[in-house]
Each structure stands twice: as structure tokens, then as C-alpha cells.
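Visitor: coords below, sequence missing:
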């Protein structure tokens, strides 16, 4: 069978399995997740052995340390997967819930019932445990999943899929509820992305190149974010001491993530006081500042600082590098964000209520915050539980996506013979 | 300027205008709609004169009567537009509304704020008043709109756009909040559909051919339905007298619409009683029945009836034609719907509570109803007010789309210095 036919079979099986999964009771879907938690514990050695094959091969091919780290399934990573299964299993069932029923003038009741999206495909890179995270969220929300990971994680994913299939069948669910194409052929991705008749949505997770390639090929809707160019605006009324802690956390706590700070905007009236203070903290954390003309002299004594190039505005550094710009006030901050932001995360630090309200309304991002770190734009932090990704387009979901974002809502009408007049 | 550059300019202007519109107070957006209501009344003669040019030209080119009817702006159509402006103006403002704010363990408040989608493009056929309906919904929900109608309505749309622009500028809003490309060149559509950096979503409205062409070309998300293959299942416990009225309404009230009934499924235990009764009513309304082997003898005495061809199952007749099939029960009905339905509207007529609940859960359609006509799947009937279209994909919206479906929701965090631990 050629790749296209093979992918078609997988997608078709996923569609059939999705109907069974959607109709299954929550107790059954919960049981599948608890089975998986047990299997991940009992058969940890198998998973680690398969993972070691992948890691050894990747090291031999010269993969860099950051990617080797992401590829490695440590005891801690295993424990987090087990924990994830248990936590998601315990969440309340979204499927079939009806969000209020209103009465129309003709007497019929109209409500909306949450339903699974159907078949979710995820195309992802590096971390093999993402397969388990996605499988767990899809099973809970009644969606069949097709998971395509990076070829470097092939054996790890195959070992995890074996456990997922056992967990499903032990609970009486079809193994095809979660599938991973048994091939590393790159053609498989293109073949899957053409199958909009069976796959309802695709979620790419990885670098911008991967995501753009998926968007270019996919015939079905794509839930995605390209990058996170997050700003924090320090207003003149901000608590400057607290602002230092927030900016440091946003930039330096985990600089490789999409919700870390890339550009600091500072009100001119507090620049002379704030920049040396924050510069000291940033300098101590090893952050390089790329500065506008007004901020450079204020930062260069405290931190590693150099003039910003034109393309440093709107740039996602994903490193201990921060663009810094002094602005005349909220208007200029909002203009800068509208021009250079990526609709990901935008923050204002202020004690001015009107400015806080205007910023939350006008800054166009999946999370806008007052007096908090950009790093809090995360499904766990925002209270969604686990997340399957983050969306910076506004269609369907805007921000982190949890189990509710893996559902849709159909209209349900309970009538007593109503007709159209 | 070539077409591509011209469309790019339009889309760029729409993006800039969308920011102003999103930040405008509801009172301003309301005023624009009330201005438009006034202008449509005061300058009705101009609109009708422009429309007469289109209608004359279309008649000369031999357009069929149904399309000529849809093209014609009668006094009744004008009145409906005026009414629409007033009704939508009076709706409560969705923009900036926050849907609850929950407190996280670290003390920060997390909510979701409704925001406009941004720039909405609509590609539509025939009815020029659809331009006003869409403009009104977009203005109210803070979205800029790019409206591309059929070339046969070119002068009508231009006349309506003149009024829309006057209404916007009189309210202090940019005219570019609503634009129609000033060309009938077909290349314009392709050029617009490539501009995903400025246009957030496209809504095609028209025949399946138009919609498939838009989906094939669009780089941005598409909200759409291809067709409505709606079923009604008459269960053995149904009130058969009421069922006759409901089926007749669903099929014959306005057979050219996407929510009219295309296939009747009847439980075998009541087929002998129900089919002659419904056949009589259908026959009187001039409906041709395409029948399965079991239903044909029961219908052929009462209605025009003939054997169904294989491709009559899952077919959208859009005419006084109805496929009829006797099934063994709910399982077979659900199987038939899963195989042939178009995720549009599915109805069960029953007095069995368990069957009603199972059908509402398992039938996969944008509206599922118990004891009501398929024709009620409509924004007005379901309580949304005006609708801009209907979606049968599950991403973002499932069913009729009103002003709320023209919004997204971003996360808003109100903190007091929270950072990521």
C-alpha cells in the first residue's frame, strides 16, 4: 500500500473510532486514562529502552543538547505523564453538557450541547511525551487523534502508542481512537493534511518553519501560533520595584518559551529610575539588552547593552536577549504592539485604572494582563488544566487550548411540534 | 494599479479601520446603524434606480426568474434592511464583555473578554441586500468587512455602499470599515483570498460551487456550509398526526433553502399507518417522493412516487422532491444519517425519552431537534437575531452565526505582581 492510501486508511479508521468514542460514557473514557497511567508505571522500562534507542541514534547524528534534552524521557517526564492521565481523567466530562436552554416565543427550548470536534491531527517535533499529553486530552474530550511526531522520536512514540492502545482496548474502546502513522516518511504528513473529509482540525506544534509548512498544505482548519513576540509596558504609575521582579521573571525564567518577554516598553517619565534598576537584575541574569537611543545610556552601565537593529523590533529571540524601548506613553506603547506584536501575550504594569482598562481592551493578544508576568499565558496557570497548544488566530480559540477547546457546541431544540411560520 | 495591488490596499485599509472600529464605543457603532436605517429610507429611490439597471441587464442576459427575484430590491426587501439596522443596533454590545473572572490560587483574576475577529470578508451571490445584512452585523460586532457580491448586482451594491459609507462617516467612523471592491474582475476574489495577513476569516454564501472555489483558494479560515441534506426520523412512538404537519412544513414551506427536508426516515412499525397519511399531504403540495422498496407501495397511491436511485440518498434536491426510506429503528436511522447527512440539521419525531436523548447526542449536525421542523435551523428562529451565515464545520461555530459568532474571546488577567514559579 502506498503512503497516501495508508494515511487514508488511518484517517478513515480514526473517523469510525471517533463516533464510538464520542458515544462512550465518561466512565469508559476515564478508565482508558487510568489504564494508561497504570501501564506507564508498570512498563516504564520498555518506554525508556525504546527512548534510549532514539536518544543514542540522535546523539550519533549530532543532535544538539537542547533537542537531546527534549527527546529524553526521564523519570520525571514519565511521572508527569502519569500525573497528567490522572488529572485529566478526574476533570468533569465536557461531552454532552448543555449550556443553558432558553425558551423561544413559540415555546421550544433552544440550547447548545458540547460535542467533540471529531478527528484531531497533531504534527509535532521532538518531545515524545507530547503524544501522551495529546492522546489524553483527545480521549477525555471524545476526539479521535492522529499523532505524527518527529522521526527522531519514532521508537519512543511507538512504545508509547503500544501502551495507549492497550489502555484503550482494555477499556473496551477501539485502538484506532489514537493512531500514529507507522512510518517516518515525510510524504505521510502531506497525505494526512489533504484528508479534510476525515480530519476536522490539525494542530502543529514546533518551530515556525514546521507550522508554516502545515498551514501551506492543510485543507482542514489549523489551530496554531507562529511565534510569541511578547511585550511588557511599564507605565509611569507602575510599582517599579515589583516591575523589576515581573520583567525578570518574564524574560529570564525560561527564555526559550513562546510566552517569555521579548520587548520591554518603558514610559519616558520613569525610564531614568526604572531602567538602571531593571538593568541590574537583567545584567545579573546574563541578559543582553538591544536598546533604543533613549534607553541605551540608562542600561549600558548595569547590563550588557547594545543599540537595537531595525529588525530587533518584533523579533522572537527565544534567548537571554531583550529589546528595550522608551515610549512617550500608552498611545505609543499600543501603536508599537499593534505593529510588532504577534497576538500572543501583552502586559501592562500600571496603577492607573483607566490605562489598565484601555490596555486590556485595545492590546490585541490571546492574553492581555495587568501587573503580571507574560509567562503566565499557559493552560495550567490560567486554570484550563493541561493544554494541547496555543492559538493566536481568533477563530475557534484564542490562547491556550484545553479540553473545552477540543469541543464544539451544536444547537439542540426540544419542541412540541413547532414548525416555521 | 493592478487588481492584486488594489485588493491589497483594500485589505490593508480594512485592517487599519478595524482597529478604530474595535476601539469605538457602542454608541458610535449604534449611531452608524441608525444613520444607515435613515439613509435607506430617504434614498430608497437611488437604490431602486441602481437596482433596476442591474435587473434590466440581467433580464437582457436571460437570467432565470428565481435569480431575478433574488436580485430585485423590492419595497419589502428595503423595509427588511431598515428593520435589520434598527434591530441589530438595539442588541447589547458584545465587544469588551468579560465572561466571568475566576480567581486562581495565586490570587490573580482570569477572565475572557469578547473581541471582534478583526477583518471579515464575505463572498456572496445574487441578493444585493446581503451586503447590508453583513455590514450591519460586522459594524455592531466591531469587525471591518470586505464584501464581494456577484457581478450581476454590481450597481445595486455600489449604491448601497454609498449609503453605508455616508452612515459610517456621519458617525465619525472610517468609511473603510466596510468596503466592496470597485470591480467585477473575477481575479479580485483570488487576490483577496490570498491576503491572510490582513483578513481574519472569509464567509462564502451561495451555491456549493462558489463555496468549494473559496475553500480551495482561501489562505485564511473559512466559515461555511456546503449543503444541507437534512433528515427527519419518524420513530414508532411519534405523534403521527403532528408528524404529518412537521414533515410537510420541513419539505414544502420553502423547498429551495438549505434547512428544508431532503430525506424522510420512517420506523417500520408505523410505516403502514404514517406513510399514506403523509403521502396525502405531500401529494397535495406537489411533492415527488423517491422511495425505498418498502415505502414505494405505501406512498404511490397518495403521492407522486417513484423508486429512489442510489444517489438520491444524501442528495440535496432543493426542490419539491423527497427521498423516503423505511428503517428498522433508531440504530439504522442514525447509521443512515452518519453516512448521508451533511452535518446541517437532523430531527427526530418521537415520544420516547431515551430515544430523544440518544438522537440529540449522537446525530452529528449543527442543529439536532426533537419534535420540530428542520426549517427552524435559522438565526432568527433560534434567538440569535440576524445571521451572517451558517457553519457545518465544528471549528469556531456550528450552526447559524450571529454577532457573537463574529467575536472571539481573549484571556484577561488582572494581577497584583504574579510571576511564574
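Guide: That came through fine. Quantities reported herein were computed from a predicted structural model and do not represent experimental measurements.

Visitor: switch to C-alpha atoms for all contacts and neighbour counts from now on
Guide: Noted.

Visitor: so what's residue A:40 closest to, chain neighbours aside?
Guide: residue A:82 (6.5 Å; CA to CA, 6 or more residues apart in numbering or on different chains).

Visitor: I'd assumed residue A:136 was in a helix, is it?
Guide: Yes: looking at residue A:136 with DSSP: H, G, I helix; E, B strand; the rest coil, it is inside a helix.

Visitor: From chain B, how far out is it?
Guide: 20 Å (CA to the nearest CA, to the nearest Å).

Visitor: and the gap between the nearest residue to that residue once chain neighbours are set aside and residue A:147?
Guide: In this structure, residue A:136 finds its nearest non-sequential neighbour in residue A:85, 6.2 Å apart by CA to CA, 6+ apart. From residue A:85 across to residue A:147, the span is 17 Å (CA to CA, to the nearest Å).

Visitor: again with residue A:43
Guide: Where residue A:147 is concerned, residue A:43 sits at a distance of 21 Å (CA to CA).

Visitor: between these two, which one's more packed in?
Guide: Neighbour count, other CA atoms under 10 Å in any protein chain shown: between residue A:43 and residue A:147, residue A:147 has more, with 23 against 13.

Visitor: What distance do you get for the closest residue to residue A:392 other than its chain neighbours to residue B:316?
Guide: Counting by CA to CA, 6+ apart, residue A:392 lies nearest to residue A:225, which is 5.0 Å off, once chain neighbours are set aside. Distance of residue A:225 to residue B:316, computed by CA to CA: 38 Å.

Visitor: What of residue A:183?
Guide: Distance, residue A:183 to residue B:316, by CA to CA: 40 Å.

Visitor: out of the two, which sits in the busier spot?
Guide: More crowded of residue A:183 and residue B:316, by other CA under 10 Å: residue B:316, with 23 against 13.

Visitor: What about the closest residue in space to the more buried one that isn't next to it in sequence, how many residues nearby?
Guide: Take residue B:316 and drop its neighbours on the chain: the residue closest to it by CA to CA, 6+ apart is residue B:229, 5.3 Å away. Applying other CA under 10 Å, we find 25 residues neighbouring residue B:229.

Visitor: Let me know whether residue B:229 touches residue B:339 as I believe.
Guide: No: judged on CA atoms under 8 Å, residue B:229 makes no contact with residue B:339 at a distance of 11.1 Å.

Visitor: Remind me what the strand of greatest length in chain A packs against, helices and strands.
Guide: If you go by DSSP state E, chain A has its longest strand at strand A:407-418. Secondary-structure packing of strand A:407-418 (3 or more CA pairs under 8 Å, 6 or more residues apart in numbering or on different chains; DSSP states H and E): strand A:109-116, helix B:240-252, strand B:367-372.

Visitor: now what about it, what contacts it?
Guide: Outside of strand A:407-418, the residues within contact range by CA atoms under 8 Å, 6 or more residues apart in numbering or on different chains are A:94-95, A:106-117, A:141, B:242-243, B:246, B:360, B:365-373, B:394-399.

Visitor: Which among these count as buried?
Guide: A:94-95, A:108-117, A:141, B:243, B:246, B:360, B:365-373, B:394-399 (16 or more other CA atoms under 10 Å in any protein chain shown).

Visitor: Tell me who's in contact with residue A:331.
Guide: Applying CA under 8 Å, 6+ apart to residue A:331 gives no contacts.

Visitor: Over stretch A:110-129, what's the mean pLDDT, rounded is fine.
Guide: Averaged across stretch A:110-129, pLDDT comes to 94.

Visitor: start to end distance for that stretch?
Guide: 41 Å.

Visitor: Is there proximity between that stretch and chain B?
Guide: Yes: for stretch A:110-129, a contact with chain B is found by CA under 8 Å from any CA of the partner chain, at A:110, A:117.

Visitor: Quick one: the helices in the stretch 101-250 of chain A, in order.
Guide: Using DSSP state H, counting those that start in this stretch, the helices assigned to the stretch 101-250 of chain A run over residues A:129-140, A:154-170, A:187-193, A:208-217, A:240-252.

Visitor: what inclination does the first one have with respect to strand A:109-116?
Guide: Pointing back at helix A:129-140 there. With axes from the mean of the first three to the mean of the last three CA atoms, to 10 degrees as the basis, helix A:129-140 and strand A:109-116 are set at 150 degrees to each other.
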